[in-house]
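Novice: sequence? don't have it. structure:
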């Protein structure tokens, strides 16, 4: 009986020592010293260490934009202005305030945010997590990708986040979204990476390739950070998929690899993002098309057109070939291919695999900017012409890329309509194919045909896939 009591006492002491050792270990654990959790058990305890590491580098952004009051064409006309004058149009330009978030990427004040937050702003204030405020200026902005790179004038001791390659991100990973939703102050929400390679227009002004997350993202989170459990930036929160305007668990973030390419160009002194130019047109190869064309599998992008100056043509690809991967990563939509090329960057060589006549091949393709060959030779029609202020350019690869025109289009591109041509129905991005029966190749021809007082003008215009005939009387 005495031996059993001794055994029971030894067992209680043993358990007690184990609990004491566990308490001491928890107290002395590096995790309580605000270290990033390293395994699932530590993550279940708390996200506090990750937030304390990442949150100081996420900032609130307050942007002010001055918008001019738009006049109707009749209000701009010297004769009709007095009849159609609107007293409200005489008021001062409207001031529009917006708020969003941003992420500091270097200790000297490089900040990334969304273009729709700061792209058109005339005044930008950045508020840090410790309540310090700084003015900021836009170094580089791009509406299509919905990214903007800012520079704040601050001491070189700022907290910043490191970038993690977004190609290493996997569905199911834990993720935290940090930002300033609804202007209530910095908040943190958690979730997982719920999808990859989401392309198309998810909402907002961005069009491209996204990481999908179910971490709640709300208005004001735009430009904020999507971080992994190590506190590294994997994406910039940009938009949500919602019918009500609130989070429904489907949010989109711009991958960190594209952010890195933007930062590199901003540090080179560029004010506009310069994408590599493919010079091809194509479409996703779905199962029906693959079956019709005799391919053994779907996936990839089938080439339907190649510009004579295309680097893909120079590398040996041809119409009917199917591009499978770019930079070792699969591409299944044109938006995904543009993203892959942009993330690799100008001046590099991209490893491209493609299928041609049943054989799979690999080539290196030079990533170049759309060339200005031949020269665009922009001209602006003078005051004594039929459409004063109309700016025209000869079409070259750079103009094709700038206006997103079809590769095969020929004519003269409308770069700016001016007041009179806009009232006549022309739009920026239109291509004037012919004037009074004369086919246009160079803008100087249009200047000659529209000089002085022209009694009648017959114009053939291509707008997207539509061809329009216009007639005007002088």
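Specialist: That came through, no problem. Small disclaimer: the values here were computed from a predicted structure and weren't measured.
Novice: those strands in the stretch 1-150 of the chain, which residues are they?
Specialist: 58-67, 94-104, 110-113, 123-127, 133-142, 147-152 (DSSP state E, counting those that start in this stretch).
Novice: Now tabulate those strands in CSV and tack on mean pLDDT.
Specialist: Shown next, in CSV, are the strands of the stretch 1-150 of the chain (pLDDT from 0 to 100):
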stretch, mean pLDDT
strand 58-67, 87
strand 94-104, 82
strand 110-113, 96
strand 123-127, 93
strand 133-142, 94
strand 147-152, 96
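Novice: Helices along the stretch 151-300 of the chain, start to end?
Specialist: Applying DSSP state H, counting those that start in this stretch to the stretch 151-300 of the chain gives helices spanning 256-267, 287-293.
Novice: scratch that, the stretch 301-450 of the chain
Specialist: Using DSSP H, counting those that start in this stretch, helices in the stretch 301-450 of the chain cover 311-314, 334-344, 397-403, 418-424, 443-449.
Novice: To residue 370, which of those lies closest?
Specialist: helix 397-403 (4.0 Å; CB to CB). Heads up, the C-betas are built off the backbone N, CA and C, glycines and all.
Novice: Please enumerate residues in contact with the closest one?
Specialist: Residues outside helix 397-403 that contact it (CB atoms under 8 Å, 6 or more residues apart in numbering) are 275, 277, 279, 307, 309, 369-373, 376, 393, 405-407, 409, 413, 415, 428-429.
Novice: Kindly write the PyMOL command that selects the buried subset of these.
Specialist: Buried residues within those, by 16 or more other CB atoms under 10 Å, are selected in PyMOL with:
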select buried, resi 275+277+279+307+309+370+376+393+405+407+413+415+429
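Novice: Okay, and which of the contacts of helix 397-403 map to strands?
Specialist: 393, 413, 415 (DSSP state E).
Novice: What is the nearest of those to residue 360?
Specialist: residue 413 (38.2 Å).
Novice: shouldn't the closest one be in contact with residue 393?
Specialist: Yes - the pair residue 413 / residue 393 is scored as a contact, 5.0 Å apart, by CB atoms under 8 Å.
Novice: domain parsing for the protein?
Specialist: 53-152, 166-267, 280-366, 379-473 (automatic domain parsing).
Novice: Next, format the ones you listed as JSON lines and append distance to residue 159.
Specialist: Below are the domains of the chain laid out as JSON lines (distance: least, CB to CB, whole Å):
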{"stretch": "domain 53-152", "distance to residue 159": "4"}
{"stretch": "domain 166-267", "distance to residue 159": "11"}
{"stretch": "domain 280-366", "distance to residue 159": "25"}
{"stretch": "domain 379-473", "distance to residue 159": "38"}
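Novice: Any idea which of these gets closest to residue 160?
Specialist: Per CB to CB, nearest to residue 160 of the domains of the chain: domain 53-152, 4.5 Å.
Novice: Apart from its neighbours in sequence, what residue is nearest residue 462?
Specialist: residue 431 (4.5 Å; CB to CB, 6 or more residues apart in numbering).
Novice: which ones are touching the one you found?
Specialist: Residue 431 sits next to 395, 405, 409-414, 461-463 when contact means CB under 8 Å, 6+ apart.
Novice: If it is in a bridge, with which residues?
Specialist: residue 413, residue 462 (DSSP bridges).
Novice: Could you pull up the residues touching the nearest residue to residue 276 once chain neighbours are set aside?
Specialist: Nearest residue to residue 276, sequence neighbours excluded (CB to CB, 6+ apart): residue 367, at 3.8 Å. When contacts are counted by CB under 8 Å, 6+ apart, residue 367 touches 276, 311, 341, 344-350.
Novice: cool, and residue 329?
Specialist: 167, 340.
Novice: same thing with residue 265?
Specialist: 140, 273-274, 346.
Novice: With respect to residue 380, which of those is nearest?
Specialist: Closest to residue 380, out of all of those and judged by CB to CB, is residue 274, at 24.8 Å.
Novice: any idea of the pLDDT on the closest one?
Specialist: Residue 274 carries a pLDDT value of 93.
Novice: In this structure it contacts residue 369, no?
Specialist: Yes - with contact defined as CB under 8 Å, residue 274 counts as touching residue 369 (5.3 Å).
Novice: anything in contact with each of those two?
Specialist: Common neighbours of residue 274 and residue 369 (CB under 8 Å, 6+ apart) are residue 346.
Novice: quick one: low-confidence parts of the chain?
Specialist: 1-45, 67-96, 199-208, 241-248, 474 (pLDDT under 70).
Novice: So which residues of the stretch 1-150 of the chain form helices?
Specialist: 2-28, 40-45, 48-54, 73-76, 115-118.
Novice: Nearest to residue 109, out of the helices of the stretch 151-300 of the chain?
Specialist: That would be, of these and by CB to CB, helix 256-267, which comes in at 11.8 Å.
Novice: Return the set of buried residues in the closest one.
Specialist: 256-263, 265-266.
Novice: repeat for stretch 102-120
Specialist: Buried, per 16+ other CB under 10 Å, within stretch 102-120: 102-105, 109-120.
Novice: just to revisit the earlier point, need the ones in strands among the contacts of helix 397-403 in JSON lines (columns: distance to residue 329).
Specialist: Below are these laid out as JSON lines (distance: CB to CB, whole Å):
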{"residue": "393", "distance to residue 329": "35"}
{"residue": "413", "distance to residue 329": "33"}
{"residue": "415", "distance to residue 329": "35"}
